[in-house]
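Visitor: fold the stuff below for me.
(one chain, ligands or ions: 1)
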Amino acid sequence: MRTFRLVTACPDRVGIVAKVSHFLASHNGWISESNHHSDDQNGWFFMRHEIRADTLPFDIDAFREAFAPIAEEFAMEWRVTDTAQKKRVVLMASRESHCLADLLHRWHSNELDCDIACVVSNHDDLRSMVEWHGIPFYHVPVDPQDKLPAFAEVSRLVDQHQADVVVLARYMQILPPQLCQAYAGKIINIHHSFLPSFVGAKPYHQASLRGVKLIGATCHYVTEELDAGPIIEQDVVRVSHSDSIDDMVRFGRDVEKMVLARGLRYHLEDRVMVHGNKTVVFS
Ligand SMILES: Nc1nc2c(c(=O)[nH]1)N[C@@H](CN(C=O)c1ccc(C(=O)N[C@@H](CCC(=O)O)C(=O)O)cc1)CN2
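Guide: Prediction:
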């Protein structure tokens with residue numbers, strides 16, 4: 001069913017729900033899903049509505065024009081999307097294949113409602129798997145002594161393919177500040193630890209040294225500060241003293257795939273609202 005998704009965030013006050021509901025009802029809008037959250041810590045109110053597009057008398061541009069006065073009245077941060085317009089995704093990977101393979105399979109089996117525009121990698125190892133899916137693969141090696149040319153190429157490819165979202169599927173290079181700023185809120189990463197524990201490289205080695213009884217994965221938006229962006233989704237799996245680092249890596253792969261797929265789905269379905277360095281996720 002084609003729907004418009006209206007996502008809003010604004011300083012909390014009485015009358016927000018009434019005003020938006022009246023706006024939708026006055027245009028015969030059939031609400032198929034509605035979520036609200038009043039955050040008493042920061043005094044903001046978050047809403048997400050899905051409205052059946054076939055019940056509204058206008059297209060998405062006219063919807064935006066009609067809703068704009070309400071958004072201004074309540075000083076809303078807002079967006080409207082149309083499920084008929086699939087989001088364009090650029091995937092990035094290095095040598096680890098499990099997260100990339102998982103996302104490609106979920107897309108191939110129509111579980112993920114998006115268009116995968118291309119895959120970019122700093123290694124050539126995964127080319128055949130990607131091209132088997134009929135998806136363009138770009139090998140963009142990164143020179144540790146001079147990374148900027150590589151990331152200029154990455155930025156060119158992201159723009160050329162008109163990406164709505166970039167997914168780091170175990171892409172093991174730190175993105176430069178320029179890239180993080182240019183695509184703020186549009187780059188998703190899977191970190192292989194239960195953040196904020198074990199930031200950076202080799203988190204399973206860090207976890208083993210610490211003797212943890214849980215390991216996990218975190219899907220988060222990428223910011224200039226490493227593995228510190230707003231968290232979208234997390235999960236954990238139990239480990240014990242008898243598990244080696246290789247065991248942890250094996251257990252971790254399963255939870256990484258699950259968490260990244262869930263996090264990307266939430267983003268694709270406009271279920272994530274970022275406020276400060278936190279998110280509201282209407283899952
Ligand atoms: N600007 C950001 N870039 C990246 C983030 C982020 O949050 N902000 N997340 C990482 C993912 N990551 C862990 O999940 C990670 C990847 C790579 C490294 C790292 O130290 N890489 C070295 C190179 C290692 C190599 O060549 O094998 C480096 O970039 O110098 C740490 C954490 C993705 N990028």
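
Visitor: can you give me the offset of stretch 239-247 from its chain's centre?
Guide: How far stretch 239-247 lies from its chain's middle: 30 Å, per CA atoms, centre = their mean, to the nearest Å.

Visitor: I meant to write stretch 273-280 there.
Guide: For stretch 273-280, the distance to the chain centre is 12 Å (CA atoms, centre = their mean).

Visitor: and the residue lying farthest from the centre of the chain, what element?
Guide: Largest separation from the mean C-alpha position in the chain: residue 242, at 34.5 Å (CA atoms, centre = their mean). Using DSSP states H and E, residue 242 sits within no helix or strand.

Visitor: measure residue 234 to the ligand for me?
Guide: Separation of residue 234 from the ligand (CB to the nearest ligand atom, to the nearest Å): 13 Å. The C-beta positions use only the backbone N, C-alpha and C, and glycine is treated the same way.

Visitor: checking the nearest residue to that residue once chain neighbours are set aside next. Helix, strand or coil?
Guide: Spatial nearest neighbour of residue 234, chain neighbours left out: residue 218 (4.8 Å); criterion: CB to CB, 6 or more residues apart in numbering. Secondary structure, DSSP: H, G, I helix; E, B strand; the rest coil: residue 218 is strand.

Visitor: how about the contacts made by residue 218?
Guide: Going by CB atoms under 8 Å, 6 or more residues apart in numbering, residue 218 touches 190, 191, 193, 194, 195, 227, 231, 233, 234, 259.

Visitor: of the residues you listed, which belong to helices?
Guide: residue 259 (DSSP state H).

Visitor: mind putting the contacts of residue 218 in CSV, pLDDT and neighbour count included?
Guide: Formatted as CSV, those follow (pLDDT from 0 to 100; neighbours: other CB atoms under 10 Å):
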residue, pLDDT, neighbour count
190, 98, 25
191, 97, 28
193, 98, 24
194, 98, 21
195, 97, 19
227, 95, 20
231, 98, 19
233, 98, 24
234, 98, 18
259, 98, 25
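
Visitor: how about the residues of this structure that lie near the ligand?
Guide: Neighbours of the ligand within the chain, by CB under 6 Å from any ligand atom: 168, 171-175, 180, 189, 191, 200-201, 222-224, 226-227, 229.

Visitor: can you map out the helices along the stretch 151-283 of the chain?
Guide: Ranges of helices in the stretch 151-283 of the chain, per DSSP state H, counting those that start in this stretch, are 177-182, 203-210, 245-268.

Visitor: where does the residue nearest to residue 234 land on pLDDT?
Guide: Note on residue 218: pLDDT of 98.

Visitor: still on that earlier bit, so of the contacts of residue 218, which ones are in strands?
Guide: In strands, defined here by DSSP state E, the members of these are 190, 191, 231, 233, 234.
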